[in-house]
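A.B. asks: need coordinates for the below:
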Amino acid sequence: MESSAIEVSGLRKAYGGRAVLGGIDLTVPPGTVFSLLGPNGAGKTTTVNILTTLLRADAGTVRVAGHDVVTGTRQVRAAIGVTGQFAAVDELLTGRENLRMMADLGRVRGSGKLVARLLERFDLVEPADALVSTYSGGMRRKLDLAMTLVGAPRIIFLDEPTTGLDPRSRRTVHDIVRELVAEGTTVFLTTQYLEEADELSDRIAVLNGGTVAAQGSADELKRLIPGGHVRLRFTDPAAYRSAAAALREATADDAELALRIPSDGSQRELRSLLDWLDSVGVEADGVTVHTPDLDDVFLILTEQTERTGRAKEAIEP
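C.D. replies: The predicted structure follows:
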C-alpha cells in the first residue's frame with residue numbers, strides 16, 4: 001500500500017491568464033476521508049478534474065494511487081471512481097440497466113450479483129426496474145454513487161455528492177462513505193455543507209483564492225480561530241470569588257457566578273484546569289467547553305484571504 005493515496009505538490013492552473021490554482025500542496029493518506037472546502041470559484045472542481053485526469057495542470061506534480069496523472073493516466077483511471085456535481089445517469093434506462101451497463105463497460109465478472117448488492121446497499125431495490133427519468137433527485141444521486149462503485153475503486157472522488165438531497169438521503173450517503181472507508185477505500189470529498197465535512201473527514205483543506213488557506217483535522221482547524229473558552233459555573237459565591245481571584249485571565253460574570261476562561265478546547269488544557277480546581281479545593285458546579293465550529297473557520301480564513309488579495313491589488317500598479 002502506498003504511503004499516500006494522493007500526493008499533490010505545487011499544483012498550478014490558469015485560464016486566460018487568470019490563476020485558478022496558485023501552487024497548492026495536498027497529501028491524502030489511504031483509507032481516509034479528505035475534504036476540500038472553499039467558496040464558489042475557489043478552484044475545488046478544477047482540482048478534482050486534474051486529480052481525476054480530466055484536466056491537465058500547468059505546473060506541479062500529482063500522484064494518485066501511486067501513479068503520475070500525466071504519465072500513468074490509464075493506471076490512475078483504473079484505480080479511481082468519480083461522482084461529479086451532477087448525476088451522470090441515463091434517464092432512458094432503468095436503475096438496474098444503468099448499473100449493468102457500467103459493469104459491462106468495466107468487464108466485471110459476476111455483474112448480476114454485484115448489481116443486486118448495490119441496489120440493496122443504496123435502497124434502490126423497489127425502483128430498480130423503473131426508468132431513471134421517474135426518479136427523484138435523491139434517487140438519481142444514490143444511483144450515480146452506486147455506479148461509481150461498480151469497479152470497486154480504491155479511491156473515490158465525490159464532488160458535492162449530497163447537494164440537493166433530503167436529510168434521509170444525505171444520511172444514507174454519509175453511512176455509505178463510512179462503510180467504504182472502513183473497507184479501506186480513500187474518499188476525496190468536496191462539499192458546501194461544513195457540518196458534513198466536520199462529521200466525515202479525517203483531514204480538511206480550506207481552498208480560497210487558488211491557495212490552501214489552512215489544512216488539518218477539524219479540531220486542529222478550529223483551534224486556529226480565536227474565541228474558544230471554558231465556562232465555569234458556580235452556586236457557591238465563596239468558591240466563585242476564590243476561583244475568580246486566582247484565574248486572572250478569566251472574564252467574570254458576577255450575576256451568573258460564572259467565569260469564562262480562554263481555551264483552545266483541547267483535552268490537555270481542560271484536564272489541567274480541572275486538576276487545578278481540585279488542587280485548591282474549589283468545586284465548579286458546571287463546566288462547558290465552547291470551541292469555534294467549521295463555519296467560523298471557513299468564514300475567517302476566506303475573509304483573511306480576500307482581504308490579503310484586495311490589499312495586494314491596491315499596492316500593485
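
A.B. asks: distance across stretch 241-253, terminal residue to terminal residue?
C.D. replies: Stretch 241-253 has an end-to-end distance of 11 Å (Cα to Cα, to the nearest Å).

A.B. asks: my bad, should have said stretch 79-95
C.D. replies: OK, stretch 79-95 end separation, Cα to Cα: 24 Å.

A.B. asks: stretch 117-135 too?
C.D. replies: Span of stretch 117-135 from end to end, Cα to Cα: 19 Å.

A.B. asks: what stretches of the stretch 201-317 of the chain score poorly on pLDDT?
C.D. replies: 265, 304-317 (pLDDT under 70).

A.B. asks: could you pull out the helices for it?
C.D. replies: For the stretch 201-317 of the chain, helices defined by DSSP state H, counting those that start in this stretch occupy the ranges 218-222, 237-246, 267-279, 294-315.

A.B. asks: pick the most deeply packed of the ones you listed.
C.D. replies: helix 218-222 (a mean of 19; mean count of other Cβ atoms under 10 Å). Where you see a C-beta, it was placed from the backbone N, CA and C, and this is true even at glycine.

A.B. asks: now that helix, how far from the chain's geometric center?
C.D. replies: 12 Å (Cα atoms, centre = their mean, to the nearest Å).

A.B. asks: now for it, which elements pack on it?
C.D. replies: strand 203-208, helix 294-315 (3 or more Cβ pairs under 8 Å, 6 or more residues apart in numbering; DSSP states H and E).

A.B. asks: what's it in contact with?
C.D. replies: 197-198, 201, 204, 206, 214-215, 228, 265, 291-294, 296-297 (Cβ atoms under 8 Å, 6 or more residues apart in numbering).

A.B. asks: what sits against residue 31?
C.D. replies: Here residue 31 is in contact with 5, 181, 184-186 (Cβ under 8 Å, 6+ apart).

A.B. asks: ugh, typo on my part, it should be residue 98
C.D. replies: By Cβ under 8 Å, 6+ apart, the neighbours of residue 98 are 89-90, 132, 143, 147.

A.B. asks: got a markdown table for the residues you listed, with neighbour count and distance to residue 56 too?
C.D. replies: Formatted as a markdown table, those follow (neighbours: other Cβ atoms under 10 Å; distance: Cβ to Cβ, whole Å):
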| residue | neighbour count | distance to residue 56 |
| --- | --- | --- |
| 89 | 22 | 27 |
| 90 | 14 | 28 |
| 132 | 20 | 32 |
| 143 | 27 | 30 |
| 147 | 23 | 26 |
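
A.B. asks: ok so, going back, if you rank the contacts of residue 31 by neighbours, which is first?
C.D. replies: residue 186 (27 neighbours; other Cβ atoms under 10 Å).

A.B. asks: from residue 172, how far off is that residue?
C.D. replies: For residue 186, the distance to residue 172 equals 20 Å [Cβ to Cβ, to the nearest Å].

A.B. asks: ok, now residue 162?
C.D. replies: From residue 162 to residue 172 the distance is 9 Å (Cβ to Cβ).

A.B. asks: can you pull up the bridge partners for the residue most central in space within the chain?
C.D. replies: For the chain, the residue nearest the mean C-alpha position is residue 35 (2.6 Å; Cα atoms, centre = their mean). Note on residue 35: beta-bridge partners by DSSP bridges are residue 189, residue 204.

A.B. asks: now, the contacts of residue 98 that are in strands?
C.D. replies: Among those, no residue falls in strands (DSSP state E).

A.B. asks: so which helix or strand takes in the closest residue to residue 162 other than its chain neighbours?
C.D. replies: Of all residues not flanking residue 162 in the chain, residue 170 sits nearest, at 4.5 Å (Cβ to Cβ, 6 or more residues apart in numbering). According to DSSP states H and E, residue 170 maps onto helix 167-182.

A.B. asks: list the buried residues of that helix.
C.D. replies: Neighbour-count burial for helix 167-182 flags 169-170, 172-173, 176-177, 180-181 (criterion: 16 or more other Cβ atoms under 10 Å).

A.B. asks: kindly report the same for stretch 73-80.
C.D. replies: 76-77, 79-80.

A.B. asks: got the buried residues for stretch 93-101?
C.D. replies: 94-101.

A.B. asks: for that stretch, what is the distance to the chain centroid?
C.D. replies: On Cα atoms, centre = their mean, the centre of stretch 93-101 falls 30 Å from the chain's centre.

A.B. asks: let me see the mean pLDDT of it.
C.D. replies: The average pLDDT within stretch 93-101 is 95.

A.B. asks: reformat the helices of the stretch 201-317 of the chain as JSON lines; add distance to residue 19.
C.D. replies: Shown next, in JSON lines, are these (distance: least, Cβ to Cβ, whole Å):
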{"stretch": "helix 218-222", "distance to residue 19": "24"}
{"stretch": "helix 237-246", "distance to residue 19": "52"}
{"stretch": "helix 267-279", "distance to residue 19": "40"}
{"stretch": "helix 294-315", "distance to residue 19": "11"}
